[in-house]
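>>> Sequence below, structure please.
(2 chains)
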Amino acid sequence: MTDVASPRFRFAPSPTGFFHVGGARTALYNWALAKRLGGTFVLRIEDTDEARNKPEWTQGIIDALAWIGVKRDDPTFEGPYFQSEYADAHVAAAHRLFAEGRAYYCDLTSEQIQERSKQNSKPGYDGYSRDRGLEPGPGRVLRFRVPEGTTVVEDLVRGRVEFANDTIEDFVLLRGNGSPMFLLANVVDDVSMRVSHVVRAEEHLPNTPKQQMLWEALGHRPPVWAHVPVLVNEQRKKLSKRRDKVALEQFRDEGYLSEAMVNYLMTLGWAPQGDEEIVPWSRIEAEFRLEDVNHSPAFFDLKKLAAFNGEYIRAMSLDRFISACEPFLTEDVPWTSDQFDAEIFRAIAPLAQTRMVTMNEIVALVDFLFLAEPIIDEAAWSKTFGGEEAVAMLDDAIIAFGETADWNADALKTALEAAGTARGLKLGKAQAPVRVAVTGRTVGPPLFEALELLGRDKTMARMRAAAERAR
RNA sequence: GCCCCCAUCGUCUAGUGGCCUAGGACACCACCCUUUCAAGGUGGCGGCACGGGUUCGAAUCCCGUUGGGGGUGCCA
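Numbering: from 1, shown residues only, chains lettered A, B, ... in the order given. Got it, this is the predicted structure:
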């Protein structure tokens, strides 16, 4: 192990798709530790699976990490390194192991291995070529000669985990074509990058005795291991890219705030001190300990994430909220840029802020203010104008508003309240037809404030149009 | 099958032998507030998987059972 005073952590994703929330949490754990302990966070892209890797995913990883605060320009950050560039070192290490008798070549095909396994009714590879003294050659894999005894993994979250070596098969180091396998490449890189702490998901725990033997065979003391529980879906299965919504990029695009996502992810398997779970990163960084990480899988709960996001949205200052809205106000919007009015938006923003769970919801909350005509939600329309009462109420509202001298929220409210009372309707009922007429929806920001911003002309025109349509 | 891990409200967790009549958060329900919807406030529902030990005392320690999960590739 390297200098304890300056630990080196690493995050080693493979660029095989969108960035997974589970990966994000692992990265965050490593990052929090590296920051607090004054260590280093090494990013190594494990791009050795040629069939599945795509270069564009690498940039995706870097961007996603930056989004959650793991930034390249931070002095704690080191890399990215690319595993594919170290293939020579991996092969050289394997050859050394062969020369030392720690590994041997085998010419069995996987079909033959399966056949033997079936015959002696033992799973996996049985060490058939251990003593055959095979030289390297095409189609021959290099296997590690697992020694006798027991391998004890000391894990910071699991404690002491023992593996009987006779349950571990002689695993492949080099493929038949001579290329290195994950187990080997991963260890050789960790050794050469002087990694002191391997913090990763629990699914790697079964690999750990193999890797630890490799560390030792290569003449090094193994790192500190820590295997954190996996994230699961509602069926309590490991989150998968195929069936679950896990892409960090998607959450970002829908308007989840990175602070909320980071905070939520950190509470999966761990909790800050005290009763508060919404805490700033500074506290997380100061308090996070691997020893405190839970041992059981955690359900990635979209509802709770949404609740966190809502909290974070409401906690923003008006200026921050407005600038956070901006990307969602310019792309994929129903209005044209000249229809948008920043002053009006600023006025409605505080009223929208408490009504959102994700930032992309801002559009539907304010669109009626910028569009020439509201987008009519048919379900809302038929529900509201199903009876004659609503149309009559709308007619009365048109008259009441027409007689209103000052066009402001208070005056409009007073006017509608009076009109409603005359028909025996409470304000809640009386406002409904007006709301649908003007905004197209049954829900939205407070009505009279919205009408004030919309202005007399547009409001009256929409109400008349709706009355016409409802007849 | 074999190896390994895990087990507190529906969910995420606090709890490290007495402070536990088990605390908080999300979700859910009710009420209050209220121009819709939210937000906010108040309250409620709800848990130590089971069985044995150890101990004066166990959610906490040990064993077993059951139940979940991960791994078992010439993927990473």
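>>> CA only for contacts and neighbour counts going forward, please
Fine.
>>> right, and A:Gly133 touches A:Ala103 too?
No: between A:Gly133 and A:Ala103 no contact is recorded; they are 10.5 Å apart, counting by CA atoms under 8 Å.
>>> between those two, who's got more neighbours?
Neighbour count, other CA atoms under 10 Å: between A:Gly133 and A:Ala103, A:Ala103 has more, with 23 against 11.
>>> Phi, psi for that one please.
Backbone torsions for A:Ala103, taken as degrees, to the nearest 10, come to phi -150, psi 160.
>>> so how far is stretch A:96-111 from its chain's centroid?
Taking CA atoms, centre = their mean, to the nearest Å, the mean C-alpha location of stretch A:96-111 is offset from the chain mean by 40 Å.
>>> Show residues contacting it.
Under the criterion CA atoms under 8 Å, 6 or more residues apart in numbering, residues A:94, A:128-130, A:133-136, A:139-146, A:217-218 lie in contact with stretch A:96-111.
>>> In strands, which of those appear?
Where the contacts of stretch A:96-111 overlap with strands, as defined by DSSP state E, the overlap consists of A:141-144.
>>> can you redo the residues you listed as CSV with neighbour count, distance to RNA strand B and pLDDT?
Written out in CSV, the entries for these read as follows (neighbours: other CA atoms under 10 Å; distance: CA to the nearest atom of the strand, whole Å; pLDDT from 0 to 100):
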residue, neighbour count, distance to RNA strand B, pLDDT
A:Val141, 24, 6, 96
A:Leu142, 29, 9, 97
A:Arg143, 24, 9, 97
A:Phe144, 27, 12, 98
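>>> For A:Leu218, give its distance to RNA strand B.
According to CA to the nearest atom of the strand, to the nearest Å, A:Leu218 and RNA strand B sit 19 Å apart.
>>> quick one: contacts of stretch A:426-438?
Stretch A:426-438 is touched from outside by A:368, A:374, A:376, A:380-381, A:384-385, A:390-391, A:393-394, A:397, A:416-417, A:419-421, A:441-443, A:447, A:459, A:462-463, A:465-467, with contacts defined as CA under 8 Å, 6+ apart.
>>> repeat for stretch A:30-38
By CA under 8 Å, 6+ apart, stretch A:30-38 touches A:5-11, A:39-41, A:70, A:76, A:199, A:284-286, A:288-289.
>>> Please save the CA atoms from it in CSV.
Coordinates of the C-alpha atoms in stretch A:30-38 are reproduced here as CSV (Å, rounded to 0.1, in the frame of the first residue of the first chain):
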residue,chain,number,x,y,z
ASN,A,30,-14.6,7.8,-3.9
TRP,A,31,-14.7,11.5,-4.5
ALA,A,32,-15.9,12.4,-1.0
LEU,A,33,-13.2,10.2,0.6
ALA,A,34,-10.4,11.6,-1.6
LYS,A,35,-11.4,15.1,-0.9
ARG,A,36,-11.7,14.7,2.9
LEU,A,37,-8.5,12.7,3.3
GLY,A,38,-6.5,15.0,1.0
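>>> how about the strands in the stretch 1-150 of chain A?
With DSSP state E, counting those that start in this stretch as the criterion, the stretch 1-150 of chain A has strands at A:8-11, A:40-45, A:77-82, A:103-106, A:141-144, A:150-155.
>>> Is it possible to get CSV of those strands that adds distance to A:Arg435?
Supplementary listing: the strands of the stretch 1-150 of chain A in CSV, determined by distance: least, CA to CA, whole Å:
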stretch, distance to A:Arg435
strand A:8-11, 52
strand A:40-45, 53
strand A:77-82, 52
strand A:103-106, 77
strand A:141-144, 73
strand A:150-155, 60
